[in-house]
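In: build me a model from this:
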Amino acid sequence: MKGSSKGKKVAIRVVSIIAALTISGIVGWHFLKKDVQSKDSEVKPIVEKEIKKVVTEASDSLYKVQFSNFDFNLDSGFANISNLKIFVDTANFRKLAVQRKLPNTILAATADRIAISNIALQKVEGEQSLRIGKMRIDNLYVHLTNRIKSYNDTTQGKSLMASALKSLFKSVDTDNLIEMKVDDVFMNNTTLVYVNQNEAKVKKTTIRNIDISMSNVSSGALANKSGTQKNDAVLKIGHQRMVTADKLYNLDFDNIRLIPADKKIFVGSFAMTPRVSKGAFAKVVKAKRANYRYHFKYTGISMNQIDFDRIARRQQFHIANVTIDDSWLEFYTNYNWPLRTPPNRRDKFPNELLQKLAFDVTIDKMVQKRGDMIFRIVAKKTQKEAIFTMNDVHSVTTNITNNGAAKNRNAYSKVISECKIMNRGPIRSQILLNLVNKNAPVSITSTMGAMDGTAYNPLTTALSMMEIKSAAIEKMNMNMTLDEYTSKGNIDFYYTNMKVRLLKKDDEEGTLKKRPVISFFTNMVLPNDNPKKNGKFRKGPINIVRDERESFFGFIWRGMLDGMSSAMSGMDQDKKEPGNKVIKMSKLFTGPDQGIEEKSAGGDKERLEKLKKKENLKND
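Out: Next up is the predicted model:
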């Protein structure tokens, strides 16, 4: 590595350590072709020594390598390492610290076994390449500790990651070895721990006990052979799958392409897919209780203007622009499921969760070109599926960050979105999320245009046994401010000719039947227009107190119900204190008889009193 700049050394270290293990079987080809299976083999100890030497030299003697067993077979192209351990040489750590040569990130890693089969040097699609058939890594544990050191910020040049990869292959003693292809990789029970020590409060993120599989992994020219894209990709992964620790979901990535020359990473698609059906889901989750089943798919994900130099030098991810061509998201719940008691959800708003992430991430702008969101709820009383949709979603989100300097420049992340509610009503929203305030304030403003209110029947019929016979919605304006504890605001809801039909379930036939008498009196009491024909307008004030177990979106939804019910009924027009007579009298939209939805529908005054007592104790 003589002659390389200090910055390039830093960028190459971790890549070189991992790659040295990956190509360990090839090292044997550059020594005498003897019978390495012999107990008296002279080659095998030399190869073992060479592997350790590569790791040591790549890290300026910072790391040591240990393993209990190393085997390889030249004829079959097989290599096996057992009980691998990479750890810091304490004496050299202190020495490099004095010399101001320590990298920003310190690595520790263990693996029970690394098995590589079908290793060969051969022509692949006309390119001289290192070919690996299969690689398996069992119980890999990687611990990374990051503390940025100012003396590592002097590196000049661009695309250090690309330079590191090219230098890696050149460091192997094969003149034409510039490509690599791995057919299949499986990493069983993998855990990654990342510790960020760059702020007053140390942050730690752990991804534990996941299974990772990859196929069709190729580098260099091989990464550009297939497909219509002829960019200078240094790495391509045809397919990658991660299985979540609870074994409930597959996370699938297709067509991943790393293109440093364009400062770009492209992912053809990403999907989060349940591993079991809706009917069986609650039976396999922990404690046989579940709240939601998620199913997502995103296509055409392009991360542009990535600062690869910054990743290599400081391990900070800065992406100027992310675009997503299309998305489909389904949220499913069944009120017949035994509900999991939600945990305390303090400090769990999206803007708070981002700040807890140990990885330093900044995305200047993210554009969702098109998407659909579907909420499906099987109601317990009707045993029917209620559906709520947001279609043709287009959104732009700016300043997604947990970086201290970025937050000092701009303390807010902004989301501007447009969509069609129930594929009918056009709505435009703006959400401002505070990234620095302790209570995570969020402000929301929304404007919905004209739509036919009967479009809501797929939701209201199953969930509340109410059918909207007619409703000409002219517009709706909403403003809401919320934080960890309270939500306040107002909804102005303009409509005419509101008529409803109440229903009841026929247990014998399993159908919903009309209730003409009670529907008649309901329509007499329920104001049909807002404003009324005399010009009187009913506001929709919002004033609720959060149950500490309520989710972020559940709290927003309940705030909207609080305002809408007042706007439609005319009750509780002055909400200096929280309280809603309509919701208290009715279980409209409250979901199951037991659970957080039911408990949070009331009790706002009691929660407010608890907050006041808590504040008084602080002041005392």
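
In: my guess is Thr398 contacts Gln430, does it?
Out: No - using C-beta atoms under 8 Å, Thr398 is not in contact with Gln430; the gap is 11.2 Å. Yep, even glycine has a C-beta here, placed from its N, CA and C like the rest.

In: go through the helix or strand harbouring Ile518 and flag the buried ones.
Out: Taking DSSP states H and E as the definition, Ile518 sits inside helix 516-525. Buried residues in helix 516-525, defined by neighbour count with 16 or more other C-beta atoms under 10 Å: Ser519, Asn523.

In: by contact count, what packs against it?
Out: The helices and strands touching helix 516-525, judged by 3 or more C-beta pairs under 8 Å, 6 or more residues apart in numbering; DSSP states H and E, are strand 486-506.

In: got the buried residues for the strand it packs on?
Out: In strand 486-506, counting by 16+ other C-beta under 10 Å, buried: 486-495, 498-503, 505.

In: overlap of the contact sets of Thr398 and Gln430?
Out: Contact criterion C-beta atoms under 8 Å, 6 or more residues apart in numbering; residues shared by Thr398 and Gln430: Lys414.

In: given the helix or strand following the helix holding Ile518, what are its sheet partners and their directions?
Out: Per DSSP H and E, helix 516-525 leads on to strand 540-545 as the next helix or strand towards the C-terminus. Paired neighbours of strand 540-545 in the sheet (DSSP bridges): strand 486-506 (antiparallel).

In: what average pLDDT does the strand it pairs with get?
Out: Averaged across strand 486-506, pLDDT comes to 93.

In: distance between it and the chain's centre?
Out: On the basis of C-alpha atoms, centre = their mean, to the nearest Å, strand 486-506 sits 34 Å off its chain's mean C-alpha point.

In: what angle do it and helix 516-525 make?
Out: Per axes from the mean of the first three to the mean of the last three C-alpha atoms, to 10 degrees, the angle that strand 486-506 makes with helix 516-525 is 150 degrees.

In: CA-only coordinates of strand 486-506 in CSV, if you can.
Out: Only the C-alpha atoms of strand 486-506 are listed here, as CSV (Å, rounded to 0.1, in the frame of the first residue of the first chain):
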residue,chain,number,x,y,z
THR,A,486,-51.4,16.9,23.0
SER,A,487,-53.1,17.7,19.7
LYS,A,488,-55.0,20.9,18.9
GLY,A,489,-56.3,22.5,15.8
ASN,A,490,-59.5,22.8,13.7
ILE,A,491,-61.3,21.3,10.8
ASP,A,492,-63.6,23.4,8.5
PHE,A,493,-65.8,21.0,6.7
TYR,A,494,-68.1,22.2,3.9
TYR,A,495,-70.9,20.0,2.6
THR,A,496,-74.5,19.8,1.5
ASN,A,497,-77.3,17.2,1.4
MET,A,498,-75.8,14.8,4.0
LYS,A,499,-78.0,11.8,4.4
VAL,A,500,-77.1,8.5,6.2
ARG,A,501,-78.6,5.1,6.6
LEU,A,502,-77.9,3.1,9.7
LEU,A,503,-77.5,-0.6,9.5
LYS,A,504,-77.6,-3.7,11.7
LYS,A,505,-76.1,-7.1,11.3
ASP,A,506,-78.3,-10.1,10.6
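
In: CA atoms only for stretch 82-92, dumped as CSV, please.
Out: Extracted in CSV, the C-alpha atoms of stretch 82-92 (Å, rounded to 0.1, in the frame of the first residue of the first chain):
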residue,chain,number,x,y,z
SER,A,82,-13.8,-21.8,11.5
ASN,A,83,-14.2,-19.6,14.6
LEU,A,84,-12.9,-16.5,12.9
LYS,A,85,-12.2,-13.5,15.1
ILE,A,86,-10.9,-10.0,14.0
PHE,A,87,-10.0,-7.8,16.9
VAL,A,88,-7.9,-4.7,17.8
ASP,A,89,-4.3,-5.1,18.7
THR,A,90,-4.3,-3.0,21.9
ALA,A,91,-0.6,-2.0,21.8
ASN,A,92,-0.8,-0.9,18.2
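
In: give the buried residues for it.
Out: Leu84, Ile86, Val88, Asn92.

In: in helices, which of these fall?
Out: Asn92 (DSSP state H).

In: tell me which two of the buried residues of stretch 82-92 sit farthest apart.
Out: Leu84 and Asn92 (19.6 Å; C-beta to C-beta).

In: surely Glu100 is in contact with Lys149?
Out: In this structure residue 100 is Arg, not Glu. Yes - if you go by C-beta under 8 Å, Arg100 and Lys149 touch, sitting 7.4 Å apart.

In: which of these two has more residues huddled nearby?
Out: For Arg100 versus Lys149, neighbours defined as other C-beta atoms under 10 Å are more numerous around Lys149 (14 against 11).
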